[in-house]
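> Sequence and computational prediction follow.
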Amino acid sequence: LQPSLALQLFRLFRCQSVMIFSLKPAATAGLLLAVPSGVRSWEDTCAPFHKIYADGTELCEKMFDDAFSVTEDEENAYTMWFFDGDNNPNDAITQRLFGDDVAPDQCAVQYFHKKGGPSPEGDGMAECHPWKENACCHSDTVGSEAQIRESYGEGYEWDRCGPMSAACERFFVQEACFYECEPNVSYFRKYNDTNHTDYNEWQLGNMPIKKSYCDAWYTACYNDYFCGKGNFFECKAHYWANEAARANETARANEAALLAGQENSATTYVVSLSIVGALLVVGAGFALFLVYREKKGTPVFGAEELAAKTAADVS
């Protein structure tokens, strides 16, 4: 009976050791991907339009590099928006600038544009409706304000500094529609020499724009926010530089969290091993003590029963 008791005690200590080793290190809970704290900010250079641009002229000429040239001679300058879909006023400007026999029959600028010449899109083109009768854009590439805003890829969104007022955002939609749909932009490609080192078919250069239109844009966006020094292309470059910095910061944080988890895990197992070792030593010593007492005839457990039995035999 007594040796089995010692065996039970040994099993008890062994179970305790198994329970200790089965405990998960506290650091394991911290091995989630570390993300730098704070609200994600797309731009750290945001400022009000009136702090970035002195006036509407600077807005139109700086925002898209040198794509547009603002002129007060509005008889010879284009507008980015109109309402008479059957009569594009920009056609008349092109004839004044290049001759009466000139007709915008090619879509020379190429991004999402049609190949070849402009053509009708019909009433389905709601967002850029002024060009529905004769467009260089496909209606499915300018289907909504959100689609237009996101179509040029991450880093080119115009609302990187937060939501814009409806009046301000509308001008960005109009400019995008103008760039994508207006056949007359074909006469103002920045590069026509295919041997030029920067040759491309999407950039515009010095297209004359009405000053009144740019002034209206500036007024609408006066208190809204934009990025950097007000140049779309510089903002995009800055955006991706920020993204790279964030990626590096996240990678460093993840590596630090992993190392901390490994160190905590190692510490936990060392402590656990020490505790189990101590328990096993104590348990083994106690078990030997029980066996020794049993061999001496003075067991620790059952001593009272043995004494009573001895007394009964004597009597």
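Arrived safely. Numbers count the residues shown, from 1 in each chain.

> And for the closest residue to residue 132 other than its chain neighbours, the neighbour number?
In space, and not counting its chain neighbours, residue 132 is closest to residue 125: 4.4 Å by CB to CB, 6 or more residues apart in numbering. Every residue, glycine included, has its C-beta placed from N, CA and C. Residues near residue 125, counting by other CB atoms under 10 Å, number 24.

> Over to residue 209?
Neighbour count for residue 209, taken as other CB under 10 Å: 25.

> That one contacts residue 74, correct?
No: using CB atoms under 8 Å, residue 209 is not in contact with residue 74, being 9.5 Å away.

> which stretches of the protein have low pLDDT?
Applying pLDDT under 70 to the chain picks out residues 1-43, 240-246, 265-266, 269-270, 286-287, 289-315.

> circling back: can you verify my assumption that the residue nearest to residue 132 contacts residue 141?
No: Residue 125 is beyond contact range of residue 141, at 10.0 Å (criterion: CB under 8 Å).

> how about the nearest residue to residue 121, chain neighbours excluded?
Closest to residue 121 by CB to CB, 6+ apart is residue 139, at 4.5 Å.

> before we move on, what about residue 224?
Per CB to CB, 6+ apart, closest to residue 224 is residue 168, 4.4 Å.

> Walking through the protein, point out its strands one by one.
Counting by DSSP state E, the chain has strands at residues 47-48, 68-71, 207-210, 225-226.

> Looking at these, which is nearest to residue 180?
Distance to residue 180, taken as CB to CB, is lowest for strand 207-210 among the strands of the chain, at 14.1 Å.

> what's in contact with the closest one?
The contact list for strand 207-210 (CB atoms under 8 Å, 6 or more residues apart in numbering) reads 60, 67-71, 73-74, 76-80, 93, 97, 185, 187-188.

> let's go with 6 Å and repeat that
Applying CB atoms under 6 Å, 6 or more residues apart in numbering, the contact partners of strand 207-210 are 60, 68-71, 74, 77-79, 188.
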